[in-house]
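Show me the folded form of this:
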Amino acid sequence: MQNIKLTIEYDGTRYCGWQKQKIQGRVLERKRKKPSVQETVESCLQKILKQKVNLVASGRTDSGVHAFGQVANFRTASGIFPDKVKSALNGNLPRDIRISNAEQVPWGFHSQYSTKSKIYRYLILNQEYKVPFFGRYTYWFKFPLNIKLMRNAARHLSGRHDFKVFCASGSGVKGTTRNIKQILINPLNIFSANLICIEVEADGFLYNMVRNIVGTLIDVGRGRFEPDYIKEIIRSKNRALAGFCVPARGLYLAKVNYPRKSHTVA
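Numbers count the residues shown, from 1 in each chain. The predicted structure is shown next:
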């Protein structure tokens with residue numbers, strides 16, 4: 001028996017998110033048009049291993065969200081080597097999903113519960129006109145943004161806070177306190193396009209937390225909010241006081257961090 005950890009990259013545009021959806025009746029089945037990333041990878045794995053496989057991921061990503069650092073693990077009685085799993089999957093998966101790494105990890109490793117922190121990145125195309133190459137992968141915001149003001153505001157978000165104000169309604173999560181380890185905001189220039197990358201590392205995230213934070217930082221950058229207003233927003237726990245929720249297409253799960261000993265095979 002072995003426990004295999006996969007690092008997965010995917011373009012989330014044509015998927016309903018990471019997690020496979022439960023189908024209850026024909027009506028829901030007709031409504032659902034997009035597959036999930038999980039069921040797509042699991043289906044390939046089951047064909048390769050000739051057995052049922054349950055992939056456990058570090059967490060969900062919503063419809064339209066991308067990843068180049070999603071992590072999932074599965075246990076198998078097969079003696080197949082991880083590098084063979086990687087090659088076989090990449091030879092059978094759709095072009096918008098790829099396995100960047102496969103390795104054997106200790107039996108107790110769990111992609112979700114062993115997590116130390118996660119890093120999400122959000123890309124904003126900040127210029128007057130859209131660029132055809134980035135339509136599916138960035139959020140276009142044509143008005144100028146003041147990165148210095150956005151960085152000043154981000155300082156108030158770092159640390160352990162109750163981030164209920166940035167959690168979308170209907171989440172159902174009990175605790176809303178999280179620790180943001182750092183927020184980096186940097187300009188990028190790719191193919192002569194002006195981008196802004198917002199990177200958030202935390203010990204955990206609430207539903208739509210990053211997208212709501214980015215929308216609030218945009219409101220600071222455009223001059224709608226003062227940087228210090230972030231403190232009042234957090235204290236209020238009132239979602240209506242925070243900024244808007246940016247689209248999913250600019251969001252990426254960049255990396256999942258684990259304690260070294262948790263995924264090192266002796």
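
what's the distance between residue 102 and residue 83?
Counting by C-beta to C-beta, to the nearest Å, the gap from residue 102 to residue 83 is 6 Å. For every residue, glycine as well, the C-beta is placed using N, CA and C.

Residue 220 now?
Taking C-beta to C-beta, one finds residue 220 at 46 Å from residue 83.

which one of these two has more residues nearby?
residue 220 (23 against 11; other C-beta atoms under 10 Å).

Not including adjacent chain positions, what is the nearest residue to that one?
residue 153 (4.3 Å; C-beta to C-beta, 6 or more residues apart in numbering).

Wasn't that neighbour part of a strand?
No. Counting by DSSP: H, G, I helix; E, B strand; the rest coil, residue 153 is not found in a strand; it is helix.

Just the CA coordinates for the helix or strand harbouring residue 218, please, in PDB.
Applying DSSP states H and E as the criterion places residue 218 in helix 209-221. Taking C-alpha atoms only, helix 209-221 is exported to PDB below (Å, rounded to 0.1, in the frame of the first residue of the first chain):
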ATOM      1  CA  MET A 209     -12.300  35.600   1.000                       C
ATOM      2  CA  VAL A 210      -9.500  36.400  -1.400                       C
ATOM      3  CA  ARG A 211     -11.800  37.800  -4.100                       C
ATOM      4  CA  ASN A 212     -13.500  40.100  -1.600                       C
ATOM      5  CA  ILE A 213     -10.200  41.300  -0.200                       C
ATOM      6  CA  VAL A 214      -9.000  42.100  -3.700                       C
ATOM      7  CA  GLY A 215     -12.100  44.000  -4.500                       C
ATOM      8  CA  THR A 216     -11.700  46.000  -1.300                       C
ATOM      9  CA  LEU A 217      -8.000  46.700  -2.200                       C
ATOM     10  CA  ILE A 218      -9.100  47.900  -5.700                       C
ATOM     11  CA  ASP A 219     -11.500  50.300  -4.000                       C
ATOM     12  CA  VAL A 220      -8.500  51.700  -2.000                       C
ATOM     13  CA  GLY A 221      -6.300  51.900  -5.100                       C
END
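
low-scoring pLDDT stretches of the protein, where are they?
Under the criterion pLDDT under 70, the flagged ranges of the chain are 22-32, 170-172, 262-266.

Let's see that with 90 instead.
1, 20-34, 132-133, 168-174, 190-192, 260-266 (pLDDT under 90).

Which residue ranges make up each domain of it?
For the chain, automatic domain parsing gives the domain ranges 2-114, 117-254.

among these, which is nearest residue 261?
domain 2-114 (8.5 Å; C-beta to C-beta).

got the end-to-end distance for the closest one?
Terminal residues of domain 2-114 lie 17 Å apart, using C-alpha to C-alpha, to the nearest Å.

Repeat that for stretch 169-179.
20 Å.

What lies in contact with that stretch?
159-164, 167, 202-207, 209, 239 (C-beta atoms under 8 Å, 6 or more residues apart in numbering).

Filter these down to the ones in strands?
159, 160, 161, 162, 202 (DSSP state E).

Pull the most distant pair out of those.
Once C-beta to C-beta is applied, the ones in strands among the contacts of stretch 169-179 give 162 and 202 as the farthest pair, at 13.2 Å.

pretty sure the residue nearest to residue 220 is touching residue 222, no?
No. With contact defined as C-beta atoms under 8 Å, residue 153 does not reach residue 222; the gap is 11.7 Å.

out of those two, which sits in the busier spot?
More neighbours surround residue 153 than the other of residue 153 and residue 222, with 25 against 16 (other C-beta under 10 Å).

Contacts for the helix holding residue 218, please.
So helix 209-221 is contacted by 120, 122, 124, 141, 145-147, 149-150, 152-154, 157, 163, 165-168, 178, 183, 185, 198, 200, 225-227, 229-230, 233, 239, 242-248, 250-251 (C-beta under 8 Å, 6+ apart).

Please pick the buried ones from those.
For the contacts of helix 209-221, a burial check counting by 16 or more other C-beta atoms under 10 Å picks out 120, 122, 124, 141, 145, 147, 149-150, 152-154, 157, 163, 165-167, 178, 183, 185, 198, 200, 225, 227, 229-230, 233, 242-243, 245-248, 250-251.
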